[in-house]
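Engineer: After the sequence you'll find the predicted model.
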Amino acid sequence: MLVKLGFKTVKSLPSVYHIMRKDGIEILIPVYVDDGFLIGNNLSFIEEIISKLSKQIKLRSHHLVISAFHQNRFEELQYE
């Protein structure tokens, strides 16, 4: 489902999904069994992804924690 939304898996961490738009906005989603969380640098994009996911699967709950990370923080990750 995340792949259909444009996410790619990280080669060294196959349970971690990442998307980066051309404008530098990105989201990282680590997934463990049926739990996951979104880390991103744009609140609107995070909310958009949550909305799209909630249309596909039942989300039990989500708590929003606002944080920021450096734009180039994940540039060294390799994707499949």
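Structural biologist: In hand now; what should we look at? Just so it is clear, the structure is predicted and the values come from calculations on it, not from any experiment.
Engineer: which stretches of the protein form helices?
Structural biologist: 43-56 (DSSP state H).
Engineer: which stretches of it aren't confidently modelled?
Structural biologist: The chain contains residues with pLDDT under 70 at 61-80.
Engineer: For it, just list every one of the strands.
Structural biologist: 8-10, 13-20, 26-32, 35-36, 39-40 (DSSP state E).
Engineer: Of the ones you listed, flag the one that's most buried.
Structural biologist: Each of those was scored by mean neighbour count; the highest is strand 39-40, a mean of 19, by mean count of other C-beta atoms under 10 Å. In this view, the C-beta of every residue, glycine as well, is placed from N, C-alpha and C.
Engineer: quick one: strands adjacent to it?
Structural biologist: When pairing is defined by DSSP bridges, strand 39-40 lines up against strand 26-32 (antiparallel).
Engineer: what are the C-alpha coordinates of the strand it pairs with, in CSV please?
Structural biologist: Extracted in CSV, the C-alpha atoms of strand 26-32 (Å, rounded to 0.1, in the frame of the first residue of the first chain):
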residue,chain,number,x,y,z
GLU,A,26,10.0,13.9,2.7
ILE,A,27,8.5,11.3,5.0
LEU,A,28,10.0,8.2,6.5
ILE,A,29,7.8,5.4,7.9
PRO,A,30,9.4,2.6,10.0
VAL,A,31,6.9,-0.3,10.2
TYR,A,32,7.0,-3.1,12.8
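Engineer: contacting residues around it?
Structural biologist: For strand 26-32, contacts defined as C-beta atoms under 8 Å, 6 or more residues apart in numbering pick out 2, 7, 13, 15-20, 36-41, 45-46, 49, 71, 74.
Engineer: Okay then, goodbye and thanks.
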